[in-house]
Every structure is written in C-alpha cells, then in structure tokens.
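>>> Here is my input; please provide its structure:
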Amino acid sequence: MEDTSRPEFWRLEYRVPTPEAVTAPALRKLLSADGWVSYLRPLDEKSTTLNLKKGRQGLSVRFTQAPGRTDQSVVTYSSDRIYGNVPFPEGASDIMFDGTRPYLGCIAPGALDATSDFFGREMAAIGWQKLTPETAARWTSSLDETVPNGLRAYYAHPDGEETGFYKQKPVMLTLTRRDDGRTNVEIRVAPFALPEVLEPDDDMAGLPRPKPTKSARSLGSASSTKREMSAAAMAELPAVLAFYHRELAVRGWQEDGSAPLAAGDEVAIKISSAEETGVLRLGRKYDFTMVSLTAQVKESALAARAKAKKEADARFLGDALGAAQQLIAADEARRKAQAASLSDAPLNALADSRTPVPLPETAEGVKFAGGDGQLEFSSTSSVKALSSFYRTALKSSGWKEQPSVINQPNMAVMEFSKSGKSISMTVMQMGPKVNVRANGSGLVTESAKPAASAEVEVQAKSAEPLKPDPESQLPVPTQRSSKSLAATKIPGGEAPLRRELEASIPAPLGDVLAFYRAELSKLGWQEKPDGATVSAERAQINFTSPQGPAVLKLGRAKGETIVNLAQKNPDAAVKADIMPKAGQAKLMMGNMGDKEASLTINKQTIKIAAGAGGPQSPKGPMLDLPPGKYQYALRVPGRPARTESLTVAAGDAWGLLVGPDGGVLPLQMY
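From the prediction side, this is the model:
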C-alpha cells in the first residue's frame, strides 16, 4: 500500500504485509532482476541503507518495521543523483562506489584483457574520452601508465546537461591481475588533478585539518589534556604530509622522528611542542589519505598549569575579597547617610485609621489585608521612633510585649500578645525609608475591608513613548524613577562576568516590555521562545546575546514597572574558572573574620578557615549544587548561629562571604 500523504518526486514509500526479514531479501531479488546493481559507499560500509545503480540512475532503499506492526514493514525509495557515472562490469563483486567524484573499486569476473576491453568500450559509450600525452597537457606533462601485473589509463569527460557531468576532474583507471584469474578494478580522480598544496580548514580540537576532507571527527578541545583529530583527506599522501610539515611548524611543533607503524599506517611521526607530545599518522584507504593526529599534555606542563591556576585563583579571590569589603563599607556608609535623613521625632497616631492597631502619622503606602491579618507600610520616621510609637500605643491598649534580641538602630522585631491573640512586627530600614510589616491573629478583622489609606495602583498609559538612555551600558528608558547597574569582573580583566541592571519605570508593563524587545533586538539579542512568561503583572523572557545568555524580568510595584536585566559572559567565567557544571550551580565561600566558620547547606557542613578567600589564604571552599532553594546555617565561635536561605539556578555562580561581624554577604558572581 503506497503512502500518498507526502507526494514527492524524489521519494516513494509503501507498506507490505511481511516483516523486514522477509521483505528485504525479496526486494533485493526483484531489483536485481530489473537490472539494479547494489554497492557500498566508501567509509560507510556498515550502513543499513541499500544503495543501487542502474546505468546513470541511483537509488537508495531503506527498510523499517511498520509502527506497531511486527508483521509489516515499510520500504522507502529515494533517488540518488550520480554526478560522475562509470560502468560496472557485469557480475562484479565487492563493489565500492561513490558517484560524486567518482570512485569505483570492485573485482571483475573476467581476465585482465577482457576487463580492459569492457572499460575501453563502455567508458567511451558514456562519453569518457581516453587521455593521451597531448590531451592531458593541460593537467600534467606526463602520464604514468606503468602498473606491475596490470595496466592503467586516464579519461576525461566534457560537461553536458544531458549526461549530468559538470566540471568533472580526469579519472585514473587501474586494472591488476589476481591469482584467481579475476581482475581488480579501481577508478578514482587522477592524482595530477588533485591539489598539491592544501589550505587549512577550521581547526578541530585545536588541531590543524587540511581542506578538502570527506569526513572528520575530534575528541576534546583546544584546552583538553588529551585531544584527537581524524579525517579523510581528499588528496594524495605527499600533499597531506607537506601540509602537516608546514602547519605544525607554524604552531611551534617539532618532529621527533618516526613512531611505530600501526595497521593502515604508511607514515607515523612523533611530534612535540613546549607543553605537549603527539603522533601524526597517515595512511591510504580507497582514494583518501586517512589522517590521525593525537596530542597529550606533558606532566611538567600540567604542573605549570596547576600552579598558574592556583595563582590566578589567589588573585581573583583576593580581588573579590577587596571588592566585597568595599561593597560592605559603601553599604554601611549609605545606610548611615540614609538613617541620618530619618526623623527620630515622637509620632502621633493617624486620625480615622481603620486598622486594628494605630498607624503613625508618617505612614505611606499602607496595605492592610484583614482576612489574612497582615499590615504593611513605609515611613520617613526612624526605626527608633516607630518602635517607640508602637510600644507605647499597644501597651496603653493592654498588649504585652515579649522580650526580643533584635533591637538595633536599623532593625527591630517586636512580639505582642493579648487575650490569646498575637501580633508580630518587624521594623527595618530599607534605603531612605523604613518598612513596617505586621501579622498575627490580633490583626484579623471580620469584615476584612482594606484600610482607607491603602494604596491603589493604577497602570496609567505612558505620557510619551519610552526613549533609550544613550549613556547607559544596558538599555534603560530616560523616563525612570531609579536605576542601578552592577557588574562583576575578572581580576585584571575588562570583560565582566555578569552585568545586572535594575530600574523602576513609571509606565505600564506592556510598554516597558515592548521597549526592551525593540532595544535588545538592535543589540543583536535573540529572544528564546522556551520558558517565556508574559502577563499583565509580570514577565520573564530569556535571551541569547552576543556575549552570552541573558534574562529580562519585569514586575509591578507601587504603580511602576520594576526591571531586572541580567547578562552573563561564559568566556569570562571559563577564564576565571568559576563556570558551573552543566545543569548545576557553583557556590564559593570566603571568610573575612579572624575565626574559623562552619556553614551547613544541602546536608553538608563545610569548614571555612579564617581569611579564606583573602590574599593570605586565597583558596576558599567551593561546592556544586543542583538548582533550588537552600536553607543554610552559619556558625562562628562566640556569635549566635545564623540561618538564611539562598536560591540558585542552573548555570549560576554565587559567593557566600562571612563578614567580620559573623554575618553572611551573598554575591552572585555569574
């Protein structure tokens, strides 16, 4: 039954009610009776595809089991174009043929003279013209026709639309007698028509490869301790050998004499460079020069690389420590400057508040969820002023405060109880303002109505189209209320490991998303369809940028669109030796304190020596983690244990730096 669902002029498929083991030999017999001759392709001897030739027509036949039916099989015919047609002797065996060059290797059943007569007659019938010294002068000054126990002839073929020949190189026919009375046959492109000087193709595993090749493969990379490259060069062995003499010398390799020959080798040369040793092997198979080139890093070079890596780690982690110290100092100075702008003045309660607890008169952006018992707002008053306000107000209403160990100038935690109900409050400085969050059963209301002063967000249309800031390293609109750009760099290098832009844009999320799609496209960034999520309140889109992977995240807060744009540089990460393993994240640990710390994460406890990650002891511990959210506990002698969480994604590299005060500073390095 023919499959007519995909009518194609070059292809035919049909199903038969017999299994493949029955169908294949039956079809071979039918095709042979119809004049089709089967053959194998050079270097593709193990293929299960049946290749056939009939005159100048080529055919490929593939057999498969019918889906879900072991008693049926599917036969697929595909046409093969033969660019260089040559005749097959009738009854020939062991046929190896490639119609693109062409190449023919087989055993003819007749004697040498009969086979020679056959090819003289049939080559001429196809249009091949036997070369003489005069007609071959455009390619060579001499025709070598001497063959021990055989004969040799050369042919050329003019171009022709009807015959299908185009820019056909001359071929060489070689016939040799066999002891069993039969004749070995080989037709291939004449050596004088092949290039004598080979040009280099793209390297494979950092090793030179000549051009042209029929096939090539490699193992390892240019930086691997062991690497290999093999290829089938479409050239004579002397030309390939001359190519490697030249290319290896240019790359600083020297030849150290002959190596033992392996099976199939005609040439084997030991080679070496300042850091590696290797072997070049060349041999002949069909009409190819087979190339095998291996290289192995010397033990002395491995030791030197390890030493260089250790020194690079020391420089990198030392610089990272210095950067972290500067970051901590700058953050502390910023907090102090921001705290100085906060007011310590005593506070009065806000009139007409509908929340279960009073609100201070400086409360802004109040959000109250009575059904969940949650309250949040910000204020320009200090942590001290707000803490005093609630301690006084709740105490006068009969609430009793429980003791708390957290009562700092920049953060206070208060716990209150009354008649079986509780309220937990956290007051924390967040930049130029203080954030207050409260929750508990004491805030639950029956009506669960929002506070009268609750903030209502309205996504107004942009007054004008968003315009890019020409001074920004990463795209950001000029219409913005805030912007920050951070980057981590390789010590002593210019290329950043990671760049991250954060901004607040007073415009609808849809307008901001359209802005970034347009601007990033101009920079050559390509949007990846997988994993993209877009809604009215948030969006996340992955990109491929010229420097590496990137992600754009958009959200809504306080009537504005919040932008987070992060871009990674894999080349810089590899150079810095912090590239995570595939599908995992890398965690690096350092300790700026003067006491050993221990960090427990993912059921593992890691000791972090004092000064680890610094100039005196640069090598800090590293840990590979699957992606996910992890709780970690830090213990430093003489200080209370700290428990925090860290979320890592596949491909991320994070640093956890223990500060002098026993705190932990998480830094995303990549």
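>>> where does the stretch 251-400 of the chain have low pLDDT?
Within the stretch 251-400 of the chain, the set of residues satisfying pLDDT under 70 comprises 331, 335, 338-339.
>>> I'd say Pro570 and Gly548 touch.
Yes: when contacts are counted by CB atoms under 8 Å, Pro570 is listed as touching Gly548 (4.6 Å). C-betas here are computed from N, CA, C, even on glycine.
>>> Looking at these two, which is more packed in?
Between Pro570 and Gly548, counted using other CB atoms under 10 Å, Gly548 has the larger neighbour count: 18 against 14.
>>> which ones are touching that one?
The contact partners of Gly548, taken as CB atoms under 8 Å, 6 or more residues apart in numbering, are Gln567, Lys568, Asn569, Pro570, Asp571.
>>> Run through the strands of the stretch 251-400 of the chain in chain order.
Secondary structure of the stretch 251-400 of the chain (DSSP state E, counting those that start in this stretch): strands at 254-258, 267-272, 276-285, 288-297, 363-369, 374-379, 400-402.
>>> looking at these, which is closest to Ala232?
Taking CB to CB as the criterion, Ala232 comes closest to strand 288-297 out of these, the separation being 4.1 Å.
>>> okay, the angle between the closest one and strand 267-272?
Angular relation of strand 288-297 and strand 267-272 on a 0 to 180 degree scale: 20 degrees, by axes from the mean of the first three to the mean of the last three CA atoms, to 10 degrees.
>>> Please write out the alpha-carbon positions of strand 288-297 in CSV.
What follows is strand 288-297, C-alpha atoms only, in CSV (Å, rounded to 0.1, in the frame of the first residue of the first chain):
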residue,chain,number,x,y,z
PHE,A,288,41.5,9.1,0.7
THR,A,289,44.6,9.9,2.8
MET,A,290,43.5,9.0,6.3
VAL,A,291,44.8,11.3,9.0
SER,A,292,45.1,10.6,12.7
LEU,A,293,46.6,13.3,15.0
THR,A,294,46.8,13.0,18.7
ALA,A,295,48.2,15.3,21.4
GLN,A,296,48.8,14.8,25.1
VAL,A,297,49.9,17.5,27.6
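>>> For the nearest residue to Ser224 once chain neighbours are set aside, give its distance to Ala576.
Counting by CB to CB, 6 or more residues apart in numbering, the nearest residue to Ser224 once its immediate chain neighbours are dropped is Ala205, at 6.9 Å. When CB to CB, to the nearest Å is the yardstick, Ala205 and Ala576 sit 23 Å from each other.
>>> from the middle of its chain, how far away would the longest helix seen in the chain be?
Among all segments of the chain classified by DSSP state H, the helix with the greatest residue count is helix 299-340. Chain-centre distance of helix 299-340: 27 Å, with CA atoms, centre = their mean, to the nearest Å.
>>> all strands of the stretch 51-200 of the chain, in order?
Using DSSP E, counting those that start in this stretch, the strands assigned to the stretch 51-200 of the chain run over residues 57-66, 69-81, 93-98, 103-108, 129-130, 150-156, 171-177, 183-189, 199-200.
>>> got those as a markdown table, with mean pLDDT and mean neighbour count columns?
As requested, the strands of the stretch 51-200 of the chain are arranged in a markdown table below (pLDDT from 0 to 100; neighbours: other CB atoms under 10 Å):
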| stretch | mean pLDDT | mean neighbour count |
| --- | --- | --- |
| strand 57-66 | 92 | 16 |
| strand 69-81 | 91 | 15 |
| strand 93-98 | 96 | 17 |
| strand 103-108 | 97 | 21 |
| strand 129-130 | 94 | 14 |
| strand 150-156 | 95 | 19 |
| strand 171-177 | 96 | 20 |
| strand 183-189 | 97 | 22 |
| strand 199-200 | 94 | 11 |
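>>> Of all those strands, which one is nearest Ser484?
Go through the strands of the stretch 51-200 of the chain one by one with CB to CB and the one that ends up closest to Ser484 is strand 199-200, at 47.6 Å.
>>> same for that closest one, what does it pack against?
Strand 199-200 sits against strand 210-211, with contacts defined as 3 or more CB pairs under 8 Å, 6 or more residues apart in numbering; DSSP states H and E.
>>> Throw the strands of the stretch 251-400 of the chain into CSV and include distance to Arg188 and mean neighbour count, thanks.
Putting the strands of the stretch 251-400 of the chain into CSV (distance: least, CB to CB, whole Å; neighbours: other CB atoms under 10 Å) gives the following:
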stretch, distance to Arg188, mean neighbour count
strand 254-258, 28, 11
strand 267-272, 20, 18
strand 276-285, 11, 18
strand 288-297, 10, 22
strand 363-369, 82, 19
strand 374-379, 82, 21
strand 400-402, 93, 12
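>>> could you dump those to JSON lines with distance to Ser343?
Conversion of these to JSON lines gives the following (distance: least, CB to CB, whole Å):
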{"stretch": "strand 254-258", "distance to Ser343": "78"}
{"stretch": "strand 267-272", "distance to Ser343": "76"}
{"stretch": "strand 276-285", "distance to Ser343": "70"}
{"stretch": "strand 288-297", "distance to Ser343": "66"}
{"stretch": "strand 363-369", "distance to Ser343": "13"}
{"stretch": "strand 374-379", "distance to Ser343": "9"}
{"stretch": "strand 400-402", "distance to Ser343": "23"}
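>>> of all the strands of the stretch 51-200 of the chain, which lies closest to Met411?
From those, taking CB to CB, the stretch that ends up closest is strand 199-200, at 64.5 Å.
>>> now the closest one, how far from the chain's geometric center?
What separates the centre of strand 199-200 from the centre of its chain is 28 Å, taken as CA atoms, centre = their mean.
>>> what do you get for stretch 189-196?
Here stretch 189-196 is found 41 Å from its chain centre; the criterion is CA atoms, centre = their mean.
>>> again with stretch 392-405
That offset, for stretch 392-405, works out to 57 Å (CA atoms, centre = their mean).
>>> Just the buried residues of it, please?
If you call a residue buried by 16 or more other CB atoms under 10 Å, then stretch 392-405 has these buried ones: Ala393, Leu394, Trp399.
>>> My guess is the first one contacts Pro356. True?
Looking back up the chat, that one is Ala393. No: with contacts counted by CB under 8 Å, Ala393 stays clear of Pro356, the gap being 11.6 Å.
>>> quick one on the thing from earlier: number of nearby residues for the residue nearest to Ser224?
Per other CB under 10 Å, the neighbour tally for Ala205 reads 20.
>>> And the pLDDT for it?
At Ala205 the predicted local confidence, pLDDT, stands at 92.
>>> what about the closest residue to Ala222 other than its chain neighbours, distance to Val86?
Nearest-residue entry for Ala222: Gly206, 2.8 Å, with adjacent residues in sequence omitted and distances by CB to CB, 6+ apart. Computed with CB to CB, the distance linking Gly206 and Val86 is 40 Å.
>>> got it, and Ser441?
For Ser441, the distance to Val86 (CB to CB) stands at 93 Å.
>>> what about Leu625, how many residues close to it?
Around Leu625 sit 20 other residues, with neighbours defined as other CB under 10 Å.
>>> ok, now which ones touch it?
Listed by CB under 8 Å, 6+ apart, the contact partners of Leu625 are Gln584, Ala585, Lys586, Leu587, Ile601, Asn602, Val648.
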